[in-house]
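Asks: 3D, please:
(chains A and B)
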2 protein chains.
Amino acid sequence: MTETEIVIGIDIGGTTTSLGCVDIQGRLHAEATMATRGDQPAAQLVSRLHQAIEQLKEELPTGTELAGIGIGAPNANYLRGTVEHPVNLNWDESTNLVELVQSHYQLPVTITNDANAAALGEMVFGGARGMKDFIVITLGTGLGSGVVSNGGLVCGADGFAGELGHTIVDPDGRQCACGQHGCLETYVSATGLCRTVAVLLGELLDPSCLRTISFQELTSKMVYEAACQQDTIALTAFDRTARTLAMKLADAVAHTAPEAIFFCGGLATAEEFLIPATQRYLEKFLFPIYRGKVSLLPSSLPGSASAILGAAALIWHKLKGK
Amino acid sequence: MTETEIVIGIDIGGTTTSLGCVDIQGRLHAEATMATRGDQPAAQLVSRLHQAIEQLKEELPTGTELAGIGIGAPNANYLRGTVEHPVNLNWDESTNLVELVQSHYQLPVTITNDANAAALGEMVFGGARGMKDFIVITLGTGLGSGVVSNGGLVCGADGFAGELGHTIVDPDGRQCACGQHGCLETYVSATGLCRTVAVLLGELLDPSCLRTISFQELTSKMVYEAACQQDTIALTAFDRTARTLAMKLADAVAHTAPEAIFFCGGLATAEEFLIPATQRYLEKFLFPIYRGKVSLLPSSLPGSASAILGAAALIWHKLKGK
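Replies: Numbering: from 1, shown residues only, chains lettered A, B, ... in the order given. Predicted structure coming up:
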């Protein structure tokens, strides 16, 4: 092992893909982002990733060695190296992303669910160091989750455990891109928040700066900014989001009894409108024996880099057993 | 180690307590049942258990050695040896049951959640041998669950994981003895089934033999017998029970992705009215990547003995690492 080994961590999201060079201490040396362009085939994304990695390598000191590539992606299967039935990506039913990447790089490549990668990052580099039971929730276009129980990532019999975004809030509820109705992520995610705003604009009479924006133009950032200005619709949307999230997190606690639940991803940056309210509702919904025992925490990993660090933690874990 | 060692497995339920002598091969040599009498203090139950154990010992061949006692009980904490805030028992907030039993027997005594014990029994002696990811659901007065992930019992940070009976079906739903509303076990359990019958008697106009029975007199056995006679109210009650169970099992699969879910306990004996319908609804509610991958199975352990065998598996596991 040289002192200048790095790995590439890649986070493939529904909208944006991020990548970066990470050393074994979890330091991020160079990073880049690109549009995922989920309407295009996976091979085109891999080809663009190849170009981006080559550019990142130029930013690194001479002699730095690329040791491996870790990838977090929606519906990724660690056991098979595949992405299967991704909800927000118009890819084939099953894409062997590890093989696609290895056609460019003859290196160890490992893939997992983007949220499982975030959990591994939190465990290896972040606020969950020393914890044996915790959950990481990623709040972006969708809602992802990684569950760690008894010190290990919960993968399940088929490698696909930890899809809390598709637990059911209401079986007759909102249409989900997965084909079901009422999945948690249709309520609690950047898009879920916007859908809640739309419902509230119809339900309530309060004046709101959000009344002049079309549904298509509306973003979670606009809702956040309106909430900062005490807009009633925006504040109510965050409150409902927190309540729904808390209800399903109470279920999650009843499954694996974590000591903490971490939040990361785009929407989690609106933490002042989400985390305290969610904690309050959670205590109300929790089965009494769990009350006062579960902390809701923002990810301690730096902002949008948590998923990159998670993907890097995954491959470092494989390479060095770290 | 002698060839004639046995352990006592004890299952403390909301209504009935069962106990038996179990050898290391999982053979049940003598058993007994008694009313739990949850309105009385724990020490009285332990005193009656002591008498029952002494009687059971007389049934065993001379020279048989009692090696330890394993207990499954509601809200039992493996780490602390306590039963805490039991919903269906009028005990203190925290009762150290291990100490109470050890005041009668100077032997290793271990306690866990009754449903976790059933899961351990299924893993050590039953149909889950060789499985690394599965769930056991106990359907009795309440609904208990034991979750096994990656080959280990999921205990969580505080030893209380796996309380699927208190996941939330509807936050504005039925009152639960735990103080919450809409917990799964208020719909799916022997008492939940009777509550559903009461609701259906009000909702529907179909004639039913259950219309002549008071709510207080109604038992799940009566509902089962009515269903066997094609009583519409009873059949509809089982169908609603199966649908609600399936909805929350779909959530459970999204957490830990088990390869099988086993059912045991009193209500599970009505399996022909529950399991096929639950499997059908489950496939409908499952996030697509999980479909066709999860088997619902009756416990392969003999009937009501599964909880006794589970409690015995718990203490054998401690004594022999089996």
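Asks: Farthest from the middle of chain A: give me that residue.
Replies: When distances to the mean C-alpha position of chain A are computed (C-alpha atoms, centre = their mean), the maximum falls on A:L205, with 34.2 Å.
Asks: That residue - that's part of a strand, no?
Replies: No: counting by DSSP: H, G, I helix; E, B strand; the rest coil, A:L205 is not found in a strand; it is coil.
Asks: May I have the phi/psi pair for whatever residue of the stretch 101-250 of chain A ends up closest to chain B?
Replies: Residue nearest to chain B within the stretch 101-250 of chain A (C-beta to the nearest C-beta): A:G156, separated by 2.3 Å. The C-beta positions use only the backbone N, C-alpha and C, and glycine is treated the same way. The phi/psi pair for A:G156 (degrees, to the nearest 10) reads phi 80, psi 180.
Asks: Run a quick neighbour tally on the residue in the stretch 201-322 of chain A that chain B sits nearest to.
Replies: At 2.3 Å from chain B, A:A257 is the closest residue in the stretch 201-322 of chain A, using C-beta to the nearest C-beta. A total of 25 residues lie near A:A257 under the criterion other C-beta atoms under 10 Å in any protein chain shown.
Asks: mind checking pLDDT for it?
Replies: Listed pLDDT for A:A257 reads 97.
Asks: contacting residues around it?
Replies: A:133, A:290, A:293, B:154-162 (C-beta atoms under 8 Å, 6 or more residues apart in numbering or on different chains).
Asks: just the residues you listed now: which is nearest A:V87?
Replies: For those, the residue nearest A:V87 by C-beta to C-beta is B:V154; the value is 26.8 Å.
Asks: you'd agree that closest one is up against A:G151?
Replies: No: assessed by C-beta atoms under 8 Å, B:V154 is found out of contact with A:G151, at 11.7 Å.
Asks: could you point out which element follows the longest helix belonging to chain A?
Replies: Longest helix in chain A by number of residues (criterion: DSSP state H): helix A:232-256. Counting by DSSP states H and E, the next helix or strand C-terminal to helix A:232-256 is strand A:260-264.
Asks: Check what contacts that next one and list those residues.
Replies: With C-beta under 8 Å, 6+ apart, strand A:260-264 has contacts from A:118, A:122, A:126-128, A:131, A:134-139, A:249, A:252, A:271, A:274-275, A:294-301, A:306-307.
Asks: Check stretch A:60-67 too.
Replies: So stretch A:60-67 is contacted by A:2, A:4-8, A:21, A:29-30, A:53, A:57, A:105, A:107-108, A:315, A:319 (C-beta under 8 Å, 6+ apart).
Asks: So among the contacts of strand A:260-264, which ones count as buried?
Replies: Neighbour counting with 16 or more other C-beta atoms under 10 Å in any protein chain shown marks A:118, A:122, A:126-128, A:131, A:134-139, A:249, A:252, A:271, A:274-275, A:294, A:296-299, A:301, A:306-307 as buried within the contacts of strand A:260-264.
Asks: any weak-confidence spans in the stretch 1-150 of chain A?
Replies: Applying pLDDT under 70 to the stretch 1-150 of chain A flags the ranges A:1-3.
Asks: Name the residues of it found near chain B, please.
Replies: A:75, A:84-85, A:131-133, A:147, A:149-150 (C-beta under 8 Å from any C-beta of the partner chain).
Asks: mind listing the helices in the stretch 151-300 of chain A by residue range?
Replies: Assigned by DSSP state H, counting those that start in this stretch, the stretch 151-300 of chain A shows helices spanning A:190-203, A:220-228, A:232-256, A:271-285.
Asks: Return the most buried member of those helices.
Replies: Most buried of the helices of the stretch 151-300 of chain A, by mean neighbour count (mean count of other C-beta atoms under 10 Å in any protein chain shown): helix A:232-256, with a mean of 24.
Asks: quick check: angle from that one to helix A:271-285?
Replies: Helix A:232-256 runs at 50 degrees relative to helix A:271-285, counting by axes from the mean of the first three to the mean of the last three C-alpha atoms, to 10 degrees.
Asks: residues in contact with stretch A:97-110?
Replies: With contact meaning C-beta under 8 Å, 6+ apart, stretch A:97-110 is reached by A:42-43, A:46-47, A:49-50, A:53, A:66-71, A:73, A:76, A:78, A:81-83, A:111, A:314-315, A:318-319.
Asks: and those residues, which of them are in strands?
Replies: Within those, residues falling in strands by DSSP state E are A:66-71, A:73, A:76, A:82-83, A:111.
Asks: Show me chain A divided up by domain.
Replies: Domain segmentation of chain A under automatic domain parsing yields A:5-122+A:304-320, A:130-299.
Asks: and of those, who's closest to B:T212?
Replies: domain A:130-299 (33.6 Å).
Asks: first vs last residue of the closest one, how far apart are they?
Replies: One end of domain A:130-299 sits 15 Å from the other (C-alpha to C-alpha, to the nearest Å).
Asks: Please apply the same query to stretch A:84-100.
Replies: 14 Å.
Asks: now that stretch: how far from the chain's centre is it?
Replies: Its chain's C-alpha centre and that of stretch A:84-100 lie 17 Å apart, by C-alpha atoms, centre = their mean, to the nearest Å.
Asks: which parts of that stretch are buried?
Replies: Going by 16+ other C-beta under 10 Å, stretch A:84-100 has these buried residues: A:84-89, A:91, A:95-98, A:100.
Asks: now, which of the residues of the stretch 1-150 of chain A next to chain B sits nearest B:R174?
Replies: A:V147 (28.3 Å).
Asks: what sits against that closest one?
Replies: A:119, A:135, A:153-154, A:161-162, A:164, A:252, A:256, A:258, B:255-256.
Asks: Spit out the contact partners of the residue positioned nearest the centre of chain A.
Replies: The structure's chain A has its C-alpha centroid closest to A:T138; by C-alpha atoms, centre = their mean the separation is 3.2 Å. Taking C-beta under 8 Å, 6+ apart, we find A:T138 in contact with A:114-115, A:118, A:144-146, A:263-265, A:268, A:307.
Asks: same thing but at 6 Å, please
Replies: A:115, A:118, A:144, A:264-265 (C-beta atoms under 6 Å, 6 or more residues apart in numbering or on different chains).
Asks: Now it: which helix or strand?
Replies: For A:T138, the enclosing helix or strand under DSSP H and E is strand A:134-139.
Asks: now that strand against helix A:271-285, angle please.
Replies: 130 degrees.
Asks: so what strands line up beside the helix or strand just after strand A:134-139?
Replies: Following strand A:134-139 in sequence order, the next helix or strand is strand A:143-149 (DSSP H and E). With DSSP bridges as the test, strand A:143-149 is paired with strand A:134-139 (antiparallel), strand A:152-153 (antiparallel).
Asks: out of the contacts of A:T138, which one sits closest to B:R240?
Replies: For the contacts of A:T138, the nearest to B:R240 is A:G144 (32.1 Å; C-beta to C-beta).
Asks: give me the number of residues near the residue nearest to that closest one when sequence neighbours are not counted?
Replies: If the residues on either side of it in the chain are set aside, A:G144 comes closest to A:A115, at 3.0 Å by C-beta to C-beta, 6 or more residues apart in numbering or on different chains. The number of residues packed near A:A115 is 30, by other C-beta under 10 Å.
Asks: Skipping its backbone neighbours, what lies nearest A:Q175 in space?
Replies: The nearest residue in space to A:Q175 (C-beta to C-beta, 6+ apart) is A:H181, at 6.0 Å.
Asks: same deal with A:A307?
Replies: That would be A:D11: by C-beta to C-beta, 6+ apart, it lies 3.4 Å from A:A307.
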